[in-house]
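J.: What would the 3D arrangement of this be:
(one chain, ligands or ions: 3)
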Amino acid sequence: MTLGSPYIEVAVALPVDGAFTFSLTDALRPFAAVGKRVLAPFGSRRVTGYILGEGRPPAGDGGGYEIRHVLDILDEAPLFPPEMIPFFRWVSQYYRHPLGEVIHNALPAGLNLYDYAVETLTDAGRDALSDTDPPPLQSAVLHALADGPLTLKEIRRRLETDVSLSVVYTLEKKGWLTRSRQLKSPQTRERRERWVGSADPPPPSGNLTPARRRVFDRLLREGDMPLRTLRKDEPSASTLVKALAESGHAVLFEKAVYRDPFGDPILPDAPLDLNRAQARTVSRVGAAMAEGFSAHLLAGVTGSGKTEVYLQLADVAVRQGREVLVLVPEIALTSQMEHRFRARFGECVAVLHSSLGGGERYDQWRRILTGDAKIVIGARSAVFAPLRNPGLIVVDEEHDPSYKQERDLLYNGRDMAVVRAKLSGCVVLLGSATPSIQSYHNAVSGRSVEHVLNRRVSDRPLPEIEIVDLRRITDRFGARRFFTPPLQAAMKETLDRGEQTLIFLNRRGFATYPVCGGCGEAVRCKHCDITLTLHKAANAYKCHYCGFTRPSAAGCPVCGSAAVKLLGFGTEKVEAGVQALFPGARTARMDRDTTARKGSVLKILKDLRNGAIDILVGTQMVTKGHDFPNITLVGIVCADLSLSFPDFRAGERTFQLLAQVAGRAGRGDAPGRVILQTYNPSHFSITTARQQDFRAFYQREIDFRKALGYPPFSRLIQIRISGKDPAKTRNAAERLGDLCRSLLAADPSSRSAVAVMGPIEGSPHRVAERFRWQMLLKGTSATSLHRFVGGLQSRDPALFARGPVRVTVDVDPVNML
Ligand code: ADP
Ligand code: ZN
Ligand code: ZN
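T.: Ligands and ions are numbered 1, 2, ... in the order given. Modelled structure (predicted):
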C-alpha cells in the first residue's frame with residue numbers, strides 16, 4: 001500500500017510517547033508504504049522509525065512547528081501488515097511502553113539501524129600523547145584510541161573502567177578528540193543463493209557437448225533450480241552452467257532462500273480419529289470460528305490429546321483461508337509442536353523463537369508476511385507474527401510463567417494472544433492440564449468457553465501418585481538423602497524393566513549453600529545480596545542473579561580457607577547421587593547449565609526418545625508438555641521448594657509444577673507411577689496435585705485470592721526502582737511513594753479504586769550492584785490503575801525518565817520478587 005499524501009505518520013524507536021508526522025521528498029514518495037522503516041531526523045540524531053500511515057498535514061499557519069523530511073526509506077517491502085497497527089497501539093498503551101519501541105521489540109532482531117557516536121583521536125591528540133603528560137585516565141583514553149575510532153562503550157570495555165562522559169568532553173574541548181556519528185549497517189540481510197534456469201526462448205541445442213546438453217535438457221524439463229541442487233548430480237555443474245550461460249542457453253541469477261531451522265526428516269501423517277471429547281471440542285470451537293472473536297479454554301489432563309485438537313482446528317482455519325498462530329512456552333516445545341504440524345501440513349509451517357539466528361528469524365518472518373506460511377508456531381514473541389487474517393490463535397500450556405517477558409517490553413504473550421484475537425475477530429484457544437487461576441476464573445465467570453478432555457487418550461490411566469512424608473524419614477546420608485527407600489526401590493524396578501525415570505528438583509547446581517568451615521560465613525556474590533551456588537562441572541561458584549562466577553579453587557572470599565562445606569543441593573548433586581546409587585544406569589541432566597548451548601535441549605530430548613537415557617534429572621524444564629511414552633516413573637525429590645516463595649502465586653505455581661511433572665509418567669502403553677517426597681503432605685497444593693485435580697485446587701485457591709483481594713479479583717501494577725547509589729535509589733523510591741499518596745489524597749475517588757503498597761526493599765535488595773525497591777499498586781480495574789500510573793508519570797516525568805535510577809512499570813506482574 002503506497003501512500004497518497006506527502007506526509008507520513010511515523011513511530012520512532014525511542015522512549016517517546018506516540019507517533020510523529022514527517023514529510024516525504026518527491027524522490028522518496030513512491031517508496032513510502034505502511035510497515036516500512038524510515039531513517040528520520042530526531043533532534044540532532046537520526047533514528048529508525050516505522051511508517052504507520054498518512055500523516056496529518058500542518059495546520060494553515062504551519063502548526064507552529066516545522067515538519068521535517070525523512071532522510072531515507074530503509075525497506076524495499078513492508079515489515080508488517082497495516083492490520084497489526086491497532087495491536088501495536090494497544091500493547092503500547094496497555095504496557096505503558098513507547099509505540100516505536102513496541103514495534104522494534106516485535107520485529108525480528110538485527111533489522112535496525114543504529115545511530116551511534118564514535119570518538120576519533122585528532123592529530124593534536126596524537127601530539128598530546130607524546131608531548132604532554134595528561135592525567136592517567138585521559139591518557140588511557142587517548143592510548144585506547146590510538147589504534148582507531150571507538151564508541152564510548154568500547155572505550156569503557158577496553159579500559160575495564162567506567163570512563164565518564166565528562167572525561168570525553170574534556171578531551172573534546174582540548175581538541176584532542178572529535179566525535180562523529182555513524183550508522184551501523186543492519187546485521188540481518190536475506191541470504192541469497194545462485195540459481196540457474198534455461199534461456200527463454202531456448203536456442204537450438206544442436207552443437208552442445210553431451211554433458212552440457214544433459215544439463216540443458218534437465219533445465220528445460222524441471223525448470224529453475226538452485227545451482228546447489230544441480231551440483232549434487234553434476235559435480236562440474238558450475239563450469240557447465242557457465243558455458244551454457246555464455247552460449248545463451250542458460251541464465252544465472254540470485255534468489256533469496258529460506259533457512260530451515262531444523263534438519264530432521266519429518267514423515268507425513270494423517271488426522272487421527274478423534275475420541276468423543278476431542279470431536280466435541282473440535283466441532284464447537286470450529287463452529288465458533290465463523291462468529292468472530294471468542295475465547296475458549298481447553299482443560300485437558302496430561303496426555304488427553306490436546307495437540308490433536310489444535311491440529312484439526314488449524315485445518316478448519318486454513319480451509320477457510322485464514323491463518324493460524326500456535327504459541328508454546330518453551331523453545332524445545334516449539335520443535336515438538338513444529339514436528340507435529342509439519343507432519344500434518346508440510347511446508348506451510350513457519351517457526352519463530354529466540355534461538356533462531358538473526359537470518360533464520362528474518363526468513364521465517366518474510367515467509368509469514370508473503371503468505372507463504374499459513375501456520376506460525378513460536379514462543380511468546382510470536383504473538384507479534386505478521387499475520388494479516390488469523391482465524392485461530394492457540395496458546396498451549398497457557399499457565400506457563402514463561403509467557404511473561406521480563407525485560408525490555410514487559411508483556412504477557414498469553415494475554416496479548418487474547419487481545420490480538422479480539423482485534424482480529426478470531427478465536428483464541430488456551431490449552432492446559434493445569435489452567436491458571438486467571439484463565440479458569442474467566443471460564444467460570446463466562447468470559448470464555450470451557451472445553452474438557454477428562455481422560456487420557458486410549459483410556460490410559462493417569463499415573464498413581466504416592467506421597468512420601470519426608471518428616472518421618474530420618475538418618476539419611478549421602479545419596480540416600482535425596483531418594484527415600486520407596487523412591488529408590490521404584491527406581492531400581494524401573495531400571496530393571498528397561499523403562500525410563502524422570503527425577504525432578506526445581507533447583508540447579510551442586511551445592512546451593514556453600515559455607516566456610518574456617519570463618520562460618522556463607523560464600524556470597526560480590527555484586528548481589530545472595531549466596532553463590534557451587535557448580536561442580538564448571539569448577540565454579542555462580543551467582544544465579546547476575547552471572548558472577550568465582551573459581552571453586554579460590555576458597556572462602558572472606559578468610560581464604562579452602563574448607564568450604566557444600567550445604568544445600570541442586571540437580572547436579574542429585575545427578576551425582578543417582579550415579580552413586582545406580583552406577584550402571586545411563587543418566588543425564590536437563591537444566592539451564594546443561595542446555596546453555598544451542599541445540600542441547602533437543603539433543604537431550606532426542607536421546608530420551610531414542611532410549612539412550614535411563615534416568616533424567618532436571619528442573620522445571622522437564623515438567624513442560626513433552627510426550628515420552630517410555631517414562632514410567634517420576635520421582636519428585638522435594639516438592640516444597642516453590643511453596644515457600646513470598647509470592648501470592650506460590651501455591652498455584654507449586655500445584656502446576658507437580659501436576660505437570662507427574663503428567664510426564666505413563667503416557668505410553670505401560671502405566672505410570674509418581675513418587676512425591678514432601679515435608680508438607682497435607683498442603684492443598686500437594687494433595688490436589690496428587691489427584692491431578694485443578695478444579696479442587698481452584699476452589700481452595702480462589703477463596704484465598706478473594707479474601708486478600710489478589711488477582712483475579714484485582715489488577716496489579718508493580719513499579720520497580722533500582723540504582724547503583726543506595727541513597728539516591730531509596731530517595732527515588734520514597735519520592736514515588738509520597739507521590740502516590742499525595743495523588744490519592746488529592747483525588748478521593750481513586751482511593752476506593754487503587755491501593756498503594758510500599759515502597760519496600762526488593763529481595764534480594766542488591767542485584768548486580770543495583771539496589772532495588774518496589775511498590776505494588778492494586779486496582780479494582782485496569783482502567784483505574786492505568787489512570788493512576790498515568791497521573792504519576794505526568795506529575796513527575798523526571799522520575800520515570802531514563803537515568804541512573806531506573807523506574808520500570810510492570811503491568812500484571814508475574815514475578816513479584
Ligand atoms: P496432551 O497435549 O493433551 O498432553 P498429546 O496431544 O500429546 O496430549 O497426546 C498424547 C498422545 O496421544 C500423542 O502421542 C497423540 O498422538 C496421541 N493421540 C491424541 N489423540 C489421539 C486419538 N484420537 N487417537 C489416538 N491417539 C491419539
Ligand atoms: Zn571463611
Ligand atoms: Zn550476583
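J.: and the protein, which residues reach ligand 3?
T.: Residues of the chain lying near ligand 3 by CB under 5 Å from the ion: 525, 527-528, 543, 545-546, 548. Placement of C-beta: from N, CA and C, glycine included.
J.: Quick one: which of those is the most crowded by neighbours?
T.: residue 525 (25 neighbours; other CB atoms under 10 Å).
J.: my read: that one touches residue 514, true?
T.: No - counting by CB atoms under 8 Å, residue 525 stays clear of residue 514, with 11.6 Å between them.
J.: residues shared between the contacts of those two?
T.: Listed as contacting both residue 525 and residue 514 by CB atoms under 8 Å, 6 or more residues apart in numbering are 531-532.
J.: thinking again about what came up before, so which of the residues of the chain next to ligand 3 is the closest to ligand 2?
T.: residue 525 (15.2 Å; CB to the ion).
J.: Skipping adjacent residues, who's closest to the closest one in space?
T.: Spatial nearest neighbour of residue 525, chain neighbours left out: residue 543 (4.0 Å); criterion: CB to CB, 6 or more residues apart in numbering.
J.: now the helices for the stretch 151-300 of the chain?
T.: 152-159, 165-173, 210-222, 227-233, 237-246, 276-288 (DSSP state H, counting those that start in this stretch).
J.: Would you mind checking which of those scores lowest on average pLDDT?
T.: Of all these, the minimum mean pLDDT falls on helix 165-173 (a mean of 80).
J.: which other residues reach that one?
T.: Contacts for helix 165-173 (CB under 8 Å, 6+ apart): 119, 125, 137-138, 141-142, 152, 155, 177-179.
J.: Show me what from this protein comes close to ligand 1.
T.: When proximity is defined as CB under 6 Å from any ligand atom, the chain approaches ligand 1 at 272-275, 278, 300, 302-308, 457, 625, 627.
J.: among those residues, which are in strands?
T.: The strands, defined by DSSP state E, take in residue 300 from these.
J.: from the residues of the chain next to ligand 1, which two are the most distant?
T.: 273 and 625 (22.2 Å; CB to CB).
J.: How far off centre is the longest strand seen in the chain?
T.: Identified as the longest strand of the chain according to DSSP E is strand 754-767. For strand 754-767, the distance from its own C-alpha centre to the chain's C-alpha centre is 25 Å (CA atoms, centre = their mean, to the nearest Å).
J.: contacting residues around the helix or strand that comes right after that strand?
T.: For strand 754-767, the following helix or strand on the C-terminal side (DSSP states H and E) is strand 770-779. Under the contact criterion CB under 8 Å, 6+ apart, strand 770-779 has outside partners 709-710, 714-726, 729-730, 732-733, 736-737, 740, 753-762, 764-766, 785, 788-789, 806, 816.
J.: Then stretch 736-756?
T.: So stretch 736-756 is in contact with 709, 719, 721, 758-759, 775-781, 784-785, 787-788, 791-792, 795-796, 799, 807, going by CB under 8 Å, 6+ apart.
J.: Tell me the buried residues within the residues you listed.
T.: Neighbour counting with 16 or more other CB atoms under 10 Å marks 719, 721, 758-759, 775-779, 784-785, 788, 791-792, 796, 799, 807 as buried within these.
J.: In the stretch 701-817 of the chain, what residue lies closest to ligand 1?
T.: The minimum distance from the stretch 701-817 of the chain to ligand 1, using CB to the nearest ligand atom, falls at residue 701 (22.6 Å).
J.: can you pull the contacts of that residue?
T.: 437, 651-652, 655, 684.
J.: ok, now residue 452?
T.: Contacts of residue 452 by CB under 8 Å, 6+ apart are 277, 299-300.
J.: Closest one of the residues you listed to residue 611?
T.: Once CB to CB is applied, the member of the contacts of residue 452 that ends up nearest residue 611 is residue 300, at 27.3 Å.
J.: where are the low-confidence patches of the stretch 51-200 of the chain?
T.: Residue ranges of the stretch 51-200 of the chain with pLDDT under 70: 59-65, 110-117, 165, 181-192.
J.: And the stretch 601-750 of the chain, by the same measure?
T.: Using pLDDT under 70, the stretch 601-750 of the chain drops low at 625.
J.: How are the helices of it distributed by residue range?
T.: Under DSSP H, counting those that start in this stretch, the stretch 601-750 of the chain gives helices at 650-662, 684-691, 694-708, 726-746, 748-753.
J.: out of those, deepest packed?
T.: Highest mean neighbour count of the helices of the stretch 601-750 of the chain: helix 650-662, a mean of 25 (counted as mean count of other CB atoms under 10 Å).
J.: What's the nearest residue in the stretch 551-700 of the chain when you look at ligand 1?
T.: residue 627 (4.2 Å).
J.: wait, isn't that residue in contact with residue 302?
T.: No - Residue 627 lies out of contact with residue 302 (CB under 8 Å); the separation is 9.1 Å.
J.: who touches both of those two?
T.: By CB under 8 Å, 6+ apart, the residues touching both residue 627 and residue 302 are residue 667.
J.: So for these two, which residue has more residues nearby?
T.: Using other CB under 10 Å as the criterion, residue 627 and residue 302 rank with residue 302 on top: 24 against 15.
J.: residues in contact with that one?
T.: Taking CB under 8 Å, 6+ apart, one finds 433, 456, 462, 625, 659-660, 662-664, 667, 692 in contact with residue 302.
J.: Mind doing that once more with 10 Å?
T.: For residue 302, the contact set (CB atoms under 10 Å, 6 or more residues apart in numbering) comprises 432-434, 456, 462-463, 625, 627, 659-667, 672, 692.
J.: same deal with residue 543?
T.: So residue 543 contacts 524-528, 530-533, 549-550, 767-768 (CB under 10 Å, 6+ apart).
J.: same thing but at 7 Å, please
T.: 525, 528, 530, 532 (CB atoms under 7 Å, 6 or more residues apart in numbering).
J.: now swap in residue 510 and tell me
T.: Residue 510 sits in contact with 534-536, 566, 570, 572-573, where contact means CB under 7 Å, 6+ apart.
J.: export those residues to JSON lines and tack on distance to residue 78?
T.: Shown next, in JSON lines, are the contacts of residue 510 (distance: CB to CB, whole Å):
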{"residue": "534", "distance to residue 78": "52"}
{"residue": "535", "distance to residue 78": "47"}
{"residue": "536", "distance to residue 78": "52"}
{"residue": "566", "distance to residue 78": "57"}
{"residue": "570", "distance to residue 78": "48"}
{"residue": "572", "distance to residue 78": "49"}
{"residue": "573", "distance to residue 78": "53"}
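J.: Next step: these restricted to strands.
T.: 534-535, 566.
J.: quick one on the thing from earlier: the more surrounded of residue 273 and residue 625?
T.: Under the criterion of other CB under 10 Å, the comparison of residue 273 against residue 625 puts residue 625 first, with 24 against 8.
J.: where does the residue nearest to residue 525 sit relative to residue 268, distance-wise?
T.: 48 Å (CB to CB, to the nearest Å).
J.: Tell me, how many residues neighbour the residue of the stretch 101-250 of the chain found nearest ligand 2?
T.: Relative to ligand 2, the nearest point of the stretch 101-250 of the chain is residue 160 (27.7 Å; CB to the ion). Look at residue 160: counted by other CB under 10 Å, it has 6 neighbours.
J.: repeat for residue 9
T.: There are 21 residues near residue 9, going by other CB under 10 Å.
J.: do the same with the one 5 residues further on
T.: In terms of burial, residue 14 registers 15 neighbours under the definition other CB under 10 Å.
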